[in-house]
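Engineer: Quick one: sequence and predicted model below, then my questions.
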Amino acid sequence: MHKFLPVSIREASERGWDDFDVILFTGDAYVDHPAFGAAVIGRVIEDEGLKIGIVPQPNWRDDLRDFKKLGKPNLFFGVTAGNMDSMVNHYTAMKRRRSDDAYSPGGRAGFRPDYPTIVYARILKKIYPDTPVVIGGIEASMRRIAHYDYWSNRVEPSILISSGADMLLYGMAGQTVRTLAGLLTKGVPFASLDNLPQTVIKKQKEKELPQSRKWGTINLPSFLEVGSDQRKFSEAFVIFERESNKIISSRLVQQYPDSCIIVNPQLPPVSTEELDREFGLPFNRLPHPKYFRKPPIPAYEMIKFSVNLHRGCFGGCSFCAISMHQGKHVISRSERSVMEEIEHISKLPDFKGVISDLGGPSANMYRMKGINVELCNNCTKPSCAWPSVCKNLDTDHGSIVSILQKVKDLPYIKKAFVTSGIRYDLCLKSYNRKAGAAEKEYLQNVITYHTSGRLKVAPEHTQDRVLNVMRKPSFNLFRELTEIFKSTISKKELNYEIIPYFISSHPGTTYSDMAELAAVTREMGLKLEQVQDFTPTPGTLSSAIYHTGKDPYTGRKINVVSTEMEKRNQNIFFFWYKKENRKRIENLLKSINRQDLIKKLFDRRYP
């Protein structure tokens with residue numbers, strides 16, 4: 001077993017250290033696993049030959065001893081809220097406080113504050129005002145410019161401003177951390193690091209912008225403008241999303257009353273070799289020993305035997321924040337790297353021969369990228385798969401079929417499940433003209449060999465009008481998938497079922513749309529389980545629409561559900577089959593003059 005990164009002075013002393021170069025604070029428990037961001041960044045810094053300490057879930061409500069226990073680092077403090085946005089972690093779509101936290105021992109809530117990025121950074125700047133504080137992770141990435149915050153119901157400034165931190169690293173920041181640490185180690189002053197890619201910095205208003213020969217500059221509407229004018233908010237969102245989708249983008253500048261923030265362009269997608277290097281770092285794939293006598297950490301238990309094949313997603317779904325953090329362009333590991341990780345997993349003492357997931361943000365995007373990458377450099381489209389599959393996208397499933405087969409054939413593997421979401425539209429000839437034998441084989445193999453008995457997919461809705469707002473393809477593709485699924489399990493004599501995910505209260509959805517969804521799924525013999533209410537998260541198109549009531553690209557008005565009663569009324573259509581819901585549903589349908597749907601839902605002779 002490799003040494004865990006130190007969480008105490010005692011553990012540092014055991015390594016012969018009397019100080020740290022970098023100290024990382026995280027809102028999650030410390031799990032030394034490649035699926036936990038703090039562990040990845042910590043191992044990357046260690047790989048640079050630096051002394052790194054981690055403070056997981058520090059107590060922010062006492063005398064702040066946790067923020068002082070490792071002392072002052074030589075280079076900088078790092079701060080991340082953890083693997084999950086803290087507000088999604090803490091609250092339901094109805095803004096009800098959750099009673100659990102999957103990233104804490106025993107799933108217990110209360111080990112992190114709301115917005116820990118802001119809370120931790122402010123504490124560190126107060127205690128150590130002269131030491132740089134660098135923030136990152138998904139919470140920071142999604143809030144890198146002025147954004148609408150659902151929980152406060154207002155436009156908030158960049159989290160770099162709110163937190164008082166000195167720099168923000170957005171996205172998957174392994175490469176940026178290497179560069180930052182390397183320059184600081186060489187003695188380059190922190191204050192002079194204003195041209196690092198994939199960073200956000202702030203400048204006082206009277207100071208000139210850093211000179212850059214590499215990048216163009218685009219001025220976003222100011223914080224005061226986006227906070228008071230929804231048209232300006234929409235304008236800023238469109239610029240931000242388009243530039244984020246490019247490989248070669250411009251830097252963005254946003255003015256604040258006393259300062260400005262500068263969003264430097266992201267790095268080009270890293271190579272397969274660099275991604276392999278990161279996944280090959282010496283992870284123990286275990287929680288730190290400090291947790292060995294504590295209850296299990298649910299998030300770890302769920303992913304400890306999972307394997308991530310790639311990063312990024314070009315799906316571009318309106319409600320999804322993956323591309324805002326991992327990027328639109330898919331970066332894939334080599335087959336060798338994946339097989340080495342599986343071999344490492346097989347030697348863990350409690351491994352029983354089952355890989356819980358062999359996938360990624362979208363399970364079947366492995367090795368997919370632009371055929372002519374130069375055409376992707378300046379492409380601003382948010383999706384390569386909607387409203388149609390891009391002609392320049394290589395959608396061949398041969399590589400993923402090959403890797404699934406090789407894992408399946410390993411003598412020490414009983415099962416390798418694919419539980420990540422599948423973009424089944426990429427496998428269907430009716431939608432993706434490039435789909436052929438490999439795509440057909442992929443679907444059949446996943447259904448037959450890599451499903452635990454329930455194939456979970458996400459059509460999200462049944463009505464095309466709503467799906468267009470979501471940037472999702474027609475529900476007819478789910479019908480086609482269902483026929484393939486039924487045919488496959490019939491031939492293989494398998495007692496499996498297909499489980500669709502749906503969202504209610506998404507912008508553009510009306511009571512009529514939800515009733516149609518209920519009628520369509522009833523006709524298909526589905527009783528829905530995997531459903532959720534829409535939650536606006538910063539940086540997404542759906543959140544921008546929720547805030548303004550309009551499509552930011554076209555200015556077209558879009559219906560938005562904002563009250564708790566409206567949300568409950570939409571959600572109830574998922575459960576039309578419960579007797580206690582019938583009267584309420586009938587009254588809702590009568591109120592919108594859709595009595596025809598009452599028959600579709602409740603007449604046993606229909607269809």
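Structural biologist: Perfect, I can see it now.
Engineer: Report the contact partners of residue 339.
Structural biologist: Residues in contact with residue 339, defined by CB atoms under 8 Å, 6 or more residues apart in numbering, are 406, 407. All C-beta spots, glycine's among them, are computed from the backbone N, C-alpha and C.
Engineer: right, I mislabeled it, should have said residue 59
Structural biologist: Counted by CB under 8 Å, 6+ apart, residue 59 has contacts 65, 66.
Engineer: and if you look at residue 268?
Structural biologist: With CB under 8 Å, 6+ apart, residue 268 has these contacts: 247, 248.
Engineer: now do residue 512
Structural biologist: By CB under 8 Å, 6+ apart, residue 512 lies in contact with 592, 594, 597.
Engineer: And the pLDDT for the second one?
Structural biologist: Looking back up the chat, that one is residue 594. Looking at residue 594, its pLDDT stands at 93.
Engineer: same question, the last one
Structural biologist: Among the per-residue scores, residue 597 shows a pLDDT of 92.
Engineer: ok so, going back, of the contacts of residue 512, which is the most crowded?
Structural biologist: Ranked by neighbour count (other CB atoms under 10 Å), the contacts of residue 512 have residue 597 at the top, with 22 neighbours.
Engineer: quick one: what helix or strand has that residue in it?
Structural biologist: Assigned by DSSP states H and E, residue 597 belongs to helix 595-602.
Engineer: all helices for the stretch 151-300 of the chain, in order.
Structural biologist: For the stretch 151-300 of the chain, applying DSSP state H, counting those that start in this stretch gives helices covering 159-163, 174-185, 223-228, 230-245, 272-279, 298-303.
Engineer: which of those sits most buried?
Structural biologist: Highest mean neighbour count among those (mean count of other CB atoms under 10 Å): helix 159-163, with a mean of 24.
Engineer: what's in contact with stretch 65-75?
Structural biologist: Counting by CB under 8 Å, 6+ apart, 6, 8-9, 12, 19-23, 25, 50-51, 53, 55, 58-60, 120, 123-124, 127-128, 131-132, 181, 184-185 sit against stretch 65-75.
Engineer: oh, I was asking about stretch 141-153
Structural biologist: Residues outside stretch 141-153 that contact it (CB under 8 Å, 6+ apart): 85, 87, 91, 95, 114, 154-160, 162, 168, 170-171, 200, 220, 223, 226-227, 233, 236, 240, 252, 254, 261, 263, 321, 324-325, 535-539, 543-544, 546-547.
Engineer: Please point out which parts of stretch 133-153 sit buried.
Structural biologist: Buried residues in stretch 133-153, counted by 16 or more other CB atoms under 10 Å: 133-151.
Engineer: Now do it: distance from first to last residue.
Structural biologist: Taking CA to CA, to the nearest Å, the first and last residues of stretch 133-153 lie 28 Å apart.
Engineer: next one: stretch 194-201
Structural biologist: In stretch 194-201, first residue to last residue: 7 Å (CA to CA).
Engineer: residues in contact with it?
Structural biologist: 144, 158, 160, 166-171, 173, 175-176, 179-180, 183, 193, 203, 210, 212, 214, 261-267.
Engineer: Pull out the buried residues from these.
Structural biologist: 144, 158, 160, 166-171, 173, 175-176, 179-180, 183, 193, 210, 261-267.
Engineer: before we move on, the earlier item: just checking, what packs against the helix holding residue 597?
Structural biologist: If you count contacts as 3 or more CB pairs under 8 Å, 6 or more residues apart in numbering; DSSP states H and E, helix 595-602 packs onto helix 511-523, helix 582-591.
Engineer: After the first one, which helix or strand is next?
Structural biologist: It refers to helix 511-523. As assigned by DSSP H and E, the chain's next helix or strand after helix 511-523 is strand 531-533.
Engineer: For the helix or strand following that next one, enumerate the helices and strands it packs against.
Structural biologist: Remark: after strand 531-533, the chain's next helix or strand is helix 541-548, criterion DSSP H and E. Helices and strands touching helix 541-548, by 3+ CB pairs under 8 Å, 6+ apart, are strand 147-149, helix 230-245, helix 464-470.
Engineer: Quick one: those as CSV, columns for mean pLDDT too.
Structural biologist: Below are the helices and strands packed on helix 541-548 laid out as CSV (pLDDT from 0 to 100):
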stretch, mean pLDDT
strand 147-149, 98
helix 230-245, 97
helix 464-470, 98
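Engineer: Any chance of a markdown table for the ones you listed, columns distance to residue 399?
Structural biologist: Converted to a markdown table, those look like this (distance: least, CB to CB, whole Å):
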| stretch | distance to residue 399 |
| --- | --- |
| strand 147-149 | 36 |
| helix 230-245 | 24 |
| helix 464-470 | 28 |
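Engineer: and this protein, what are its domains?
Structural biologist: Split into domains by automatic domain parsing, the chain comes to 9-202, 305-452, 455-607.
Engineer: contacting residues around stretch 403-412?
Structural biologist: With contact meaning CB under 8 Å, 6+ apart, stretch 403-412 is reached by 309, 335, 338-339, 342, 346, 353, 355, 358, 366, 413, 416, 418, 442, 445-446, 449-450.
Engineer: Select only the buried ones of the residues you listed in ChimeraX?
Structural biologist: If you want just the buried ones from those in ChimeraX, going by 16+ other CB under 10 Å, the selection is:
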select :309,335,338,339,342,355,358,366,413,416,418,442,445,446,449,450
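Engineer: Please list the members of the contacts of stretch 403-412 that lie in strands.
Structural biologist: Using DSSP state E, 355, 358, 416 are the members of these that sit in strands.
Engineer: Using CSV, lay out those residues together with distance to residue 291.
Structural biologist: Below are the ones in strands among the contacts of stretch 403-412 laid out as CSV (distance: CB to CB, whole Å):
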residue, distance to residue 291
355, 23
358, 26
416, 27
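Engineer: Just name the closest of these to residue 575, please.
Structural biologist: Nearest to residue 575 among the ones in strands among the contacts of stretch 403-412, counting by CB to CB, is residue 358 at 33.0 Å.
Engineer: That closest one contacts residue 305, doesn't it?
Structural biologist: No: in this structure, residue 358 is not within contact of residue 305 by CB atoms under 8 Å, at 10.1 Å.
Engineer: contacting residues around residue 394?
Structural biologist: 367, 368, 369, 370, 371.
Engineer: try 6 Å this time
Structural biologist: If you count contacts by CB atoms under 6 Å, 6 or more residues apart in numbering, residue 394 has them with 368, 371.
Engineer: do residue 325 as well
Structural biologist: Contacts of residue 325 (CB under 6 Å, 6+ apart): 138, 141, 171.
Engineer: Kindly report the same for residue 414.
Structural biologist: When contacts are counted by CB under 6 Å, 6+ apart, residue 414 touches 353, 354.
Engineer: go on, residue 98?
Structural biologist: Residues in contact with residue 98, defined by CB under 6 Å, 6+ apart, are residue 90.
Engineer: pLDDT score for it?
Structural biologist: pLDDT for residue 98: 97.
Engineer: What pLDDT is listed against the residue nearest the centre of the chain?
Structural biologist: Centroid-nearest residue in the chain, with CA atoms, centre = their mean: residue 322, separated by 3.6 Å. pLDDT recorded at residue 322 is 92.
Engineer: pretty sure it contacts residue 361?
Structural biologist: Yes: using CB atoms under 6 Å, residue 322 makes contact with residue 361 at a distance of 4.9 Å.
Engineer: now stretch 218-235, how far from the chain's geometric center?
Structural biologist: Stretch 218-235 has its C-alpha centroid displaced from the chain centroid by 25 Å (CA atoms, centre = their mean, to the nearest Å).
Engineer: gap between the two ends of it?
Structural biologist: Distance across stretch 218-235, first residue to last, is 12 Å (CA to CA).
Engineer: Kindly report the same for stretch 340-353.
Structural biologist: Terminal residues of stretch 340-353 lie 15 Å apart, using CA to CA.
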